[in-house]
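>>> requesting a structural model of the entry that follows:
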Amino acid sequence: PFFPARNAEWLLTSSVLCWELGRLVHASTPKRLLWMFMSASMVGCWAMATFVLSRSRWLWWFLGVMFYAGLLLGMWRGVRRMAMRRGKQVFALVARLTGGAALVWGMWAALWTVCEGGGYLAVELVVFLYACLDVASKGGAAVCIHNHVVAAGRALAQGEIELLQRSGGGQGMDDDNEMNFGGIGVLGDDLGDLEDSL
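Numbers count the residues shown, from 1 in each chain. Okay, the predicted model is just below:
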């Protein structure tokens with residue numbers, strides 16, 4: 001079965017993931033756009049493989065696998081290498097997100113060969129398996145990001161307490177009694193609005 005909404009959702013979320021990973025590690029805009037293009041092409045090819053009923057569907061599936069391999073060899077290796085320069089917390093988050101995305105996309109390709117490609121499973125089971133894959137992928141990414149934000153908030157709070165202790169509670173404060181932080185934050189920007197609010 002062909003699910004237009006599901007393929008459109010994967011097209012959007014996969015592209016956004018590639019863009020945000022590039023922003024997190026400070027990749028250049030051309031690199032981010034290239035990764036987004038490869039991700040969108042991968043999803044589009046696998047969507048065509050589901051939509052087309054002739055034998056050419058296997059050609060679309062193979063093209064999708066090629067874009068998938070390109071993402072693994074090109075993007076993920078480059079992203080992790082850049083993340084190592086951003087600190088342990090950023091590298092840990094990037095490693096989880098890239099590893100999870102690679103696993104989920106690989107499972108999608110494998111499921112297609114059994115479900116749509118071979119037609120070995122009933123439609124109801126196909127729908128159930130794809131639903132489980134969708135929930136696991138989006139839920140896993142949400143948990144990783146949430147845990148990272150919580151850890152960043154605790155680190156900032158601990159740093160503020162230590163700074164107050166060293167300064168005796170009086171120095172390091174501005175006129176509005178708010179802490180001033182500078183430098184590169186653990187979320188990829190100069191601390192970012194989220195970290196400032198924490």
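>>> contacts for the helix or strand containing residue 68, please.
If you go by DSSP states H and E, residue 68 is part of helix 57-70. Outside helix 57-70, the residues that touch it by Cβ atoms under 8 Å, 6 or more residues apart in numbering are 38-39, 41-46, 48-50, 52, 105-106, 109, 112-113, 116-117. Heads up, the C-betas are built off the backbone N, CA and C, glycines and all.
>>> of those, keep whichever come out buried.
Among those, those classed as buried by 16 or more other Cβ atoms under 10 Å are 38-39, 41-46, 48-50, 52, 105, 109, 112, 116-117.
>>> out of those, which sit inside helices?
If you go by DSSP state H, these have 38-39, 41-46, 48-50, 105, 109, 112 in helices.
>>> min pLDDT across these, which one?
In terms of pLDDT, residue 50 ranks lowest among these, with 81.
>>> how about the helices in the protein?
With DSSP H as the criterion, the chain has helices spanning 4-24, 29-51, 57-70, 77-83, 88-112, 123-167, 192-197.
>>> which one of these has the lowest average pLDDT?
helix 192-197 (a mean of 46).
>>> need the contact list for the nearest residue to residue 85 once chain neighbours are set aside.
Nearest residue to residue 85, sequence neighbours excluded (Cβ to Cβ, 6 or more residues apart in numbering): residue 25, at 7.9 Å. Neighbour list for residue 25: 79, 82-83, 85-86, 90, 94, 188 [criterion: Cβ under 8 Å, 6+ apart].
>>> most neighbours out of those, which is it?
residue 83 (25 neighbours; other Cβ atoms under 10 Å).
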